[in-house]
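Asks: Output the structure for:
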Amino acid sequence: MILEGPLGSYLKDLIDDLLDEIENVNDKKALDLGCGYGYYTVELLQRGYEVDAVDISDHSIKMTREKVGNHPRVKLHNINALNFDPKKKYDLIICFEVLEHLHEDLKLLKLINSWLKDDGILLISVPHNEKLWNIRDELAGHLRRYSKDEIKAKMKSANLEPTKILCYGFPFVRLLLGTYLKIKERTIKTGIKKNYKMPKSKNNLPLWIKKMSTPILKRLFKFDNLFINSNKGFGLIVMARKNPQHE
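Replies: The predicted model follows:
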């Protein structure tokens, strides 16, 4: 999940609003599955949770450790999520941009169900719509994109009940990101043909352009919220609850 720049700010606002809806008291237990660089591990700590953060990447765990240090309310686990065995139940589990990497995505959802308390809440994010498959999916190692119906069916099979599904990224995020990805794909293909390497710099825009464009883009992206319940976005954020009566 992109959590930097104008797009990152927009996505963080969406997720923070969902976290604000969850009743929280200190010492509740949360699991950050696929914690990445620890952005939400830190957020959950600040919200008063005890946090287990899991990631298969050594580098991600290292980056998360740099953010949380030896905080007494967080434990880091460098392990495949499918092999994690917490021996506890959680009030909240977040799993952002993980399922699309797994052949056994349903297996992980069933494990998540077993790790949630009966009144526990799950927040996930996944890429949306196979028709929007792009070079970023390939570079990130994605196996699939999900439709709303597909993610609802997977959750139902895992005895999880979606309570809210946000389909973000239409029209402006999708338009701007799509344009960027087309340029990137064309550049990569040209680079391969001419036998040169892509430059290491991720962003060569002058600082004054970035400073000027960021507030403009943030306002444009907010307009996308008018279409958050549509089926046109490029990503899904799903809130779900355990469905214990069907256990």
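Asks: the strands in the chain, which residues?
Replies: Counting by DSSP state E, one finds strands in the chain at the ranges 29-33, 50-55, 74-78, 90-96, 116-127, 160-168, 235-242.
Asks: low-scoring stretches of the chain, by residue?
Replies: Across the chain, the ranges flagged by pLDDT under 70 are 1-4, 177-213, 244-247.
Asks: one more time with 50
Replies: Applying pLDDT under 50 to the chain flags the ranges 193-206, 208-209.
Asks: Mind telling me which residue is nearest the centre of this protein?
Replies: Against the mean C-alpha coordinate of the chain, by C-alpha atoms, centre = their mean, the closest residue is Phe96 at 2.7 Å.
Asks: Roughly how far does that residue sit from Thr163?
Replies: Distance, Phe96 to Thr163, by C-beta to C-beta, to the nearest Å: 17 Å. C-beta here means a position set from N, CA and C on the backbone, and glycine is covered the same way.
Asks: Leu45 now?
Replies: 25 Å.
Asks: So those two - more neighbours on which side?
Replies: Between Leu45 and Thr163, Leu45 has the larger neighbour count (other C-beta atoms under 10 Å), namely 20 against 12.
Asks: can I assume that one is in contact with Tyr39?
Replies: No - the criterion here is C-beta atoms under 8 Å, and Leu45 misses it with Tyr39 at 11.2 Å.
Asks: Give me the number of neighbouring residues for the closest residue to Asp16 other than its chain neighbours.
Replies: Once flanking residues are discounted, Asp16 sits nearest to Glu43: 7.6 Å by C-beta to C-beta, 6 or more residues apart in numbering. When neighbours are counted by other C-beta under 10 Å, Glu43 registers 19.
Asks: can I assume Asp105 is in contact with Cys95?
Replies: No - using C-beta under 8 Å as the test, Asp105 is too far from Cys95 to be in contact (10.2 Å).
Asks: Quickly list what Lys164 is bridged to.
Replies: Met239 (DSSP bridges).
Asks: quick one on the thing from earlier: return the residues in contact with the residue nearest to the centre of the chain.
Replies: Met1, Ile15, Gly34, Gly36, Tyr40, Leu123, Ile124, Ser125 (C-beta atoms under 8 Å, 6 or more residues apart in numbering).
Asks: Share the number of residues neighbouring Glu23, please.
Replies: Look at Glu23: counted by other C-beta under 10 Å, it has 8 neighbours.
Asks: Let the chain start at 732 from now.
Replies: All set: I'll call the first residue 732, so the last point we hit is now Glu754.
Asks: still on that earlier bit, format the strands of the chain as TSV; extra columns: distance to Ile882.
Replies: What follows is the strands of the chain, written out as TSV (distance: least, C-beta to C-beta, whole Å):
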stretch	distance to Ile882
strand 760-764	16
strand 781-786	21
strand 805-809	25
strand 821-827	12
strand 847-858	6
strand 891-899	7
strand 966-973	6
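Asks: all helices of the protein, in order?
Replies: Taking DSSP state H to define them, one finds helices in the chain at 736-752, 770-777, 789-799, 836-846, 866-871, 879-888, 903-924, 938-954.
Asks: do you know which of those lies nearest Asn960?
Replies: Of all the helices of the chain, it is helix 879-888 that lies closest to Asn960, at 10.1 Å by C-beta to C-beta.
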